[in-house]
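Colleague: based on what follows, work out the 3D shape:
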Amino acid sequence: MERTQNIFSKVFPAGGQEIIAHPLNIILLFLINTSTQKIKAGLSIGFTEPVFSFLIIFIASLITYFLFRRLINERIKAAILLSYTLLITLFFRDIVEFIIYFKIPELISFTGEYFIAIIFSLILFALLIKWLASTNRRLAKLNTYLNLVTTIFLAVEIIGCSFSNVSKLKLKERIELNTSTDAIENPDIYFILLDGYTGFSGLKKLWDYDNNELKKFFAENNFFFPQNGRCVYNVTNYSMASTFNMTELIYSRDDLYSKGNYLLLAHFIKHNPAVKFLYKSGYNFYNFSFWDINDKNKFYEDIYFLRRGNIYQARTLYGHLYEIYNEKFADMAEINPEIFNRVKEIHQSSGDKPKFIYAHITMPHPPYYFDADGNRKDYAYSGDQKDKHKYLEQLKYTNKLLINTLSSILNSDKPKPVIIVQGDHGFRSYEGKDKRDIEYSVLNCFYFPDKDYSMMNDSLKTINTFRIIFNKYFNRNFELIN
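Modeller: This next block holds a predicted model:
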């Protein structure tokens, strides 16, 4: 007990010694500022995530403080070093975005913004240590100034939180699907989403590639495969939110990549009416995606979506290092084929309930892990997102995995399911005059056991997917969105 009191007396001294508040102010500023993103999204902050984050940061800060005290045996100097460390680690994303905004990587072309941010921060850290170790001043006035400034920033943040504008992003229409007993039939439904798969017209325009292997397979197996399939949005989160919610989105282009929008899109996807209706209609739902949907957890962590996932983690230096680690070592080259295998296994399984399978494959989307024959490529090869040739190579291998999976499903003796094969957006790294056509051209193919595609057209949009399914099999009467 006495030892514990001694520890706390070193951190929170009494008896006329200077109060050190700026490290705690910075922690609170980070948590409140980050939580504001949920407020802007119109979502509840909750209790567990911010409190858990605070405890982790606070405990780590105490440990770091005592390490600094061993390095510099003065309270104020150790606290100043701690405050700098907190600023760099907690607000690392803001530093990176500052560097990008001023286009510094373009001036230093041999490296990227992450490297610049880390090196710059380390240089300042070293200079600060050298200065603190060499000065004989107690720095009491600097401590008071830091207390005052951080307190003012914290007060402004708390006041500003009360006046935060809620995100302008919303659903154009909120679809309510009540359960009914007048379904025409309840077939198994396979929704295979191939992330970044450009449609037939886009492949022909940019690559002069006919994609004949896939067309031949679809034709032989009586699929509907429009040449001019289109998506409404060229960003995965927007595209999938609109598809699952069966409606367009209203938002400001200025907030396209805002944290608040991404949080709200994840909320729309998790609580979407399409999956909710199929649940109520007795379906077993299999979620092979990087979103939590209804009561099913995500199957994997997407290396890109991590940046907008846990908002407390994603903003920090740790979050960025975690992203880099996952991008290099989270083996999507293993996960993507595994999802195809899981889909085949589920088809062979038995059960009393119909199945709805959502398989979100991050191919042919970069990183480009494979060539056309499925040979595994190294990280240096796979990370080049703008290479048209590498994209097409991975697309060809994606075709092989897709055809193998669909053949296994269609050639079995089990009842034929409904199959949807779509892209969420096309190739986005093209900068020519047809950029929009390429980005919004997507694969959008359907298989219905009765081969009746009378409600389809050659420019079918992915936003109509579940409107079509519910009209055809659940006796609904949705108008298709043009």
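
Colleague: what's the domain layout of this structure?
Modeller: 2-162, 186-473 (automatic domain parsing).

Colleague: and the nearest residue to residue 297 once chain neighbours are set aside, how far is that from residue 462?
Modeller: Sequence neighbours aside, residue 287 is the residue nearest to residue 297 in space, at 7.3 Å (criterion: Cβ to Cβ, 6 or more residues apart in numbering). C-betas here are computed from N, CA, C, even on glycine. Distance of residue 287 to residue 462, given as Cβ to Cβ, to the nearest Å: 19 Å.

Colleague: so for these two, which sits in the more crowded spot?
Modeller: More crowded of residue 287 and residue 462, by other Cβ atoms under 10 Å: residue 462, with 24 against 20.

Colleague: residue contacts, that one?
Modeller: Applying Cβ atoms under 8 Å, 6 or more residues apart in numbering, one finds that residue 462 lies in contact with 229, 230, 231, 232, 239, 243, 422, 423, 424, 442, 444.

Colleague: ok, the residue nearest to it when sequence neighbours are not counted - how many residues close by?
Modeller: Nearest non-adjacent residue to residue 462, counting by Cβ to Cβ, 6+ apart: residue 231, 4.9 Å away. For residue 231, the neighbour count with other Cβ under 10 Å is 27.

Colleague: for residue 231, give its distance to residue 272.
Modeller: 17 Å.

Colleague: and what of residue 250?
Modeller: 17 Å.

Colleague: more crowded one of those two?
Modeller: For residue 250 and residue 272, the more surrounded residue by other Cβ under 10 Å is residue 272, and the numbers stand at 22 against 11.

Colleague: how many neighbours does the residue nearest to that one when sequence neighbours are not counted have?
Modeller: Of all residues beyond its chain neighbours, the one nearest residue 272 is residue 244 (3.7 Å), with distances taken as Cβ to Cβ, 6+ apart. Neighbourhood size, residue 244 [other Cβ under 10 Å]: 25.

Colleague: for the remainder of this discussion, apply numbering that starts at 567.
Modeller: Fine by me, first position is 567 from now on; the one you just mentioned is residue 810.

Colleague: quick one: pLDDT of residue 738?
Modeller: For residue 738, the pLDDT comes out at 95.

Colleague: next one: residue 618
Modeller: 89.

Colleague: sec struct for it, please.
Modeller: Of the three states, residue 618 takes helix under DSSP: H, G, I helix; E, B strand; the rest coil.

Colleague: so how far is residue 612 from it?
Modeller: According to Cβ to Cβ, residue 618 and residue 612 sit 10 Å apart.

Colleague: same question for residue 782.
Modeller: 51 Å.

Colleague: same check on residue 724?
Modeller: 18 Å.

Colleague: what about these two, which has more around it?
Modeller: residue 724 (14 against 10).

Colleague: isn't the more buried one right next to residue 598, touching?
Modeller: Yes: Residue 724 lies in contact with residue 598 (Cβ atoms under 8 Å); the separation is 6.3 Å.

Colleague: which other helices and strands contact the strand or helix carrying residue 622?
Modeller: Per DSSP states H and E, residue 622 falls inside helix 614-637. In terms of contacts (3 or more Cβ pairs under 8 Å, 6 or more residues apart in numbering; DSSP states H and E), helix 614-637 is packed against helix 568-577, helix 588-606, helix 641-656, helix 877-880.

Colleague: dump these into CSV; add mean pLDDT and mean neighbour count as well.
Modeller: As requested, the helices and strands packed on helix 614-637 are arranged in CSV below (pLDDT from 0 to 100; neighbours: other Cβ atoms under 10 Å):
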stretch, mean pLDDT, mean neighbour count
helix 568-577, 47, 10
helix 588-606, 90, 21
helix 641-656, 96, 22
helix 877-880, 78, 20
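
Colleague: re earlier: need the next SSE after the host helix or strand of the residue nearest to residue 838, C-terminal direction.
Modeller: Using DSSP H and E, residue 810 maps to helix 802-811. As assigned by DSSP H and E, the chain's next helix or strand after helix 802-811 is strand 815-816.

Colleague: parallel or antiparallel, which strands does that next one pair with?
Modeller: strand 736-737 (antiparallel) (DSSP bridges).

Colleague: please save the CA atoms from whichever helix or strand comes after the partner strand in PDB.
Modeller: Sequence order places strand 755-760 as the next helix or strand after strand 736-737, per DSSP H and E. C-alpha atoms of strand 755-760 as PDB (Å, rounded to 0.1, in the frame of the first residue of the first chain):
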ATOM      1  CA  ILE A 755     -29.100 -17.800 -52.800                       C
ATOM      2  CA  TYR A 756     -25.400 -17.400 -53.500                       C
ATOM      3  CA  PHE A 757     -24.200 -13.800 -53.700                       C
ATOM      4  CA  ILE A 758     -20.600 -13.800 -54.900                       C
ATOM      5  CA  LEU A 759     -19.100 -10.300 -54.900                       C
ATOM      6  CA  LEU A 760     -15.800 -10.000 -56.900                       C
END
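
Colleague: list the pairing partners of strand 755-760 within its sheet, with orientation.
Modeller: Counting by DSSP bridges, the strands paired with strand 755-760 are strand 921-927 (parallel), strand 984-988 (parallel).

Colleague: make JSON lines out of those strands and add mean pLDDT and distance to residue 667.
Modeller: Listed next are the strands paired with strand 755-760 as JSON lines, based on pLDDT from 0 to 100; distance: least, Cβ to Cβ, whole Å:
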{"stretch": "strand 921-927", "mean pLDDT": "97", "distance to residue 667": "32"}
{"stretch": "strand 984-988", "mean pLDDT": "98", "distance to residue 667": "35"}
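
Colleague: okay, those strands in JSON lines with mean neighbour count and distance to residue 714 next?
Modeller: Formatted as JSON lines, those follow (neighbours: other Cβ atoms under 10 Å; distance: least, Cβ to Cβ, whole Å):
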{"stretch": "strand 921-927", "mean neighbour count": "23", "distance to residue 714": "50"}
{"stretch": "strand 984-988", "mean neighbour count": "22", "distance to residue 714": "56"}
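
Colleague: could you save those as a markdown table and add columns showing distance to residue 966?
Modeller: Output for the strands paired with strand 755-760, formatted as a markdown table (distance: least, Cβ to Cβ, whole Å):
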| stretch | distance to residue 966 |
| --- | --- |
| strand 921-927 | 13 |
| strand 984-988 | 14 |
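
Colleague: nearest to residue 974, of those?
Modeller: strand 984-988 (11.8 Å; Cβ to Cβ).

Colleague: contacts for the helix or strand following the closest one?
Modeller: Counting by DSSP H and E, the next helix or strand C-terminal to strand 984-988 is helix 1001-1006. The contact list for helix 1001-1006, computed with Cβ under 8 Å, 6+ apart, reads 764, 767-768, 771-772, 796-798, 800, 991-994, 996.

Colleague: keeping just the C-alphas, turn helix 1001-1006 into PDB.
Modeller: Extracted in PDB, the C-alpha atoms of helix 1001-1006 (Å, rounded to 0.1, in the frame of the first residue of the first chain):
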ATOM      1  CA  LYS A1001     -12.300   6.800 -66.600                       C
ATOM      2  CA  ARG A1002     -15.900   7.000 -65.500                       C
ATOM      3  CA  ASP A1003     -17.000   4.300 -67.900                       C
ATOM      4  CA  ILE A1004     -14.300   2.000 -66.700                       C
ATOM      5  CA  GLU A1005     -14.900   2.600 -63.000                       C
ATOM      6  CA  TYR A1006     -18.700   2.100 -63.200                       C
END
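
Colleague: buried set for that helix?
Modeller: By 16 or more other Cβ atoms under 10 Å, the buried positions in helix 1001-1006 come out as 1001, 1003, 1004, 1005, 1006.
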